[in-house]
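> based on what follows, work out the 3D shape:
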Amino acid sequence: MDGNGWLRKLQRAAGVAGFVLRILLWIGCIGVIALSAMKDSVRAEQRRTVASGEELYKQLARGERILKEQSYVVPEQKTVYLTFDDGPSALTPQVLDILAAEDVKATFFQLGEAVQAHPDYVRRVLKEGHALGNHTYDHEYSDIYGDFAAFWEQIQRTERAFVKAVGEAPKLVRAPGGTYRNFDAFYFYFMDQAGYQVHDWNIDSRDAKRRNVPASEIVEAVRSSKFGHEAVVLMHDGTGHEESVKALPAIIKMLKEKGYHFAAMTEQVKPVVFAVGPQTKWKRTTSYAEFLRESSFAPIVKKESQGPNLAVSVREKIQAAPPAKGYLETKWRDASVRFPKSEVIYQNEQAFVALRSIANETEGNLTWNSDTDEVSWHYGEQEMRYTLDSADSVWEGPTDGILKDGRLYVPLTEVLSILNGDSLFASI
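Below you'll find the model as predicted:
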């Protein structure tokens, strides 16, 4: 090959190398541009996040109540919800006797310290088909309305008392004295983001306006109230409310004559909530830093930051992965049983279902022994026992047990297998 041939080959090779180099440089530039754009996008998202957080804080600071969207069920017939605050006390069994005689269901918003003092009364309330609610631990206004952290601590302390008494804790909450001028928008927001429902009332029996209000006045206060399709009646079963107990039969009779159906509250009942009143009663402020620390914005209200809490397992964190279509289907005794996703959590590729829900679906009998911190499930001759290890909030028994939000969850397939059931299931 002559010199010109080699030269042409070198020129072609140089041309190809140059072309490849230009391609690489072009790709590099595109990468730099893309990386820069990605960084800009991240920074923009961070700015939007901070801005949205600041705007949310400003809205709450202005007194705007911001709650998650929630669907509720409106009863077809006129319905009244009798509610009793400040118990349980020695008067609670008398109230329960009257309700049983009248075949009426009610809701009891109870104090944590009273729950600890009278766990048998709490168990009777639940056993007879009534609903439970959290009314803080000791009702001390200056404490719970001094700042949200104190209110939160009392809610959690009462939740633990409920778990010890009956094995689970309610998500219904009533603020002592009602929310008007006691709650600000931040209180509403934090409680809502943490999964609680706050309930006020629309009919006040006025049995707590002073000491020893006569039964006749209590009955007349209810009689003269304005009634709607759903009525929430405020009464008390705490110590010192003997007249409220005396008034109860007449109030029930009156409401029946008005054509009302009686029901216990559930999470499907739309809460009656007072307006956010002027915040002159309590001298408190919520700074932006406190908002970020305690709100669901960054991050969700930190249950673990409030000290030992039964709602969070210290041993293991729960990885929630609800069924895709909203329920878990199980075959039990040749019948199909479905558990809604609210009753199911996933951990280590296992489905854990609330034990009370399993007991209800399989017609088992669930009992709680507060002396030994033990819950037992009886199905025929079969029995399963779980014992609370209070050191780290984990339940120990024939299978793993997990406490989450005041409820005991157990691995579904293992439990049904122990009870000789067909434990095959499918997430649908």
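> got the buried residues for stretch 220-234?
221-222, 227, 230-234 (16 or more other C-beta atoms under 10 Å). Glycine gets a C-beta too; all of them are placed from N, C-alpha and C.
> tell me which two in those residues are the farthest apart.
Ala221 and Glu230 (18.7 Å; C-beta to C-beta).
> re the thing from before, restricted to helices, list the buried residues of stretch 220-234.
Using DSSP state H, 221-222 are the members of those that sit in helices.
> report the helix or strand with the lowest average pLDDT across this protein.
strand 425-427 (a mean of 36; mean pLDDT, DSSP states H and E).
> can you name the residues that contact Phe274?
178-180, 200 (C-beta atoms under 8 Å, 6 or more residues apart in numbering).
> any of those residues buried? List them.
Of the contacts of Phe274, these count as buried by 16+ other C-beta under 10 Å: 178-179, 200.
> show me what the mean pLDDT comes to for stretch 117-136.
Computed over stretch 117-136, the mean pLDDT rounds to 96.
> pull up the distance across it, start to finish.
15 Å (C-alpha to C-alpha, to the nearest Å).
> which positions within it qualify as buried?
Buried, per 16+ other C-beta under 10 Å, within stretch 117-136: 118-119, 121-126, 130-136.
> quick one, helices of the stretch 151-300 of the chain?
With helices called from DSSP state H, counting those that start in this stretch, the stretch 151-300 of the chain shows them at 185-193, 215-223, 242-257, 288-294.
> same deal with the stretch 1-150 of the chain?
So, for the stretch 1-150 of the chain - with DSSP H, counting those that start in this stretch - the helices run 3-61, 92-102, 112-117, 119-127, 141-144, 148-166.
> now do the contacts for Lys209.
Applying C-beta under 8 Å, 6+ apart, no residues qualify as near Lys209.
> could you check how far it is from Gln94?
22 Å (C-beta to C-beta, to the nearest Å).
> equivalent analysis for Leu328, please.
42 Å.
> ok, of the helices of the stretch 1-150 of the chain, where does mean pLDDT dip lowest?
helix 3-61 (a mean of 58).
> wait, isn't Asp86 in contact with His236?
Yes: Asp86 is within contact range of His236, at 5.1 Å (criterion: C-beta atoms under 8 Å).
> residue contacts, the spatially closest residue to Ala100 that is not a sequence neighbour?
Spatial nearest neighbour of Ala100, excluding adjacent residues (C-beta to C-beta, 6 or more residues apart in numbering): Glu128 at 6.3 Å. For Glu128, the contacting residues are 96, 99-100, by C-beta under 8 Å, 6+ apart.
> narrow those residues to those that are buried.
Applying 16+ other C-beta under 10 Å to the contacts of Glu128 flags 96, 99 as buried.
> ok so, going back, and the contacts of Phe274, which two are furthest apart?
Tyr180 and Asp200 (7.5 Å).
> isn't Trp201 right next to Gly178, touching?
Yes: the pair Trp201 / Gly178 is scored as a contact, 7.3 Å apart, by C-beta under 8 Å.
> before we move on, back to that, output the buried ones among the contacts of Phe274 as CSV; include the columns pLDDT and distance to Thr285.
Below are the buried ones among the contacts of Phe274 laid out as CSV (pLDDT from 0 to 100; distance: C-beta to C-beta, whole Å):
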residue, pLDDT, distance to Thr285
Gly178, 97, 22
Thr179, 96, 18
Asp200, 98, 24
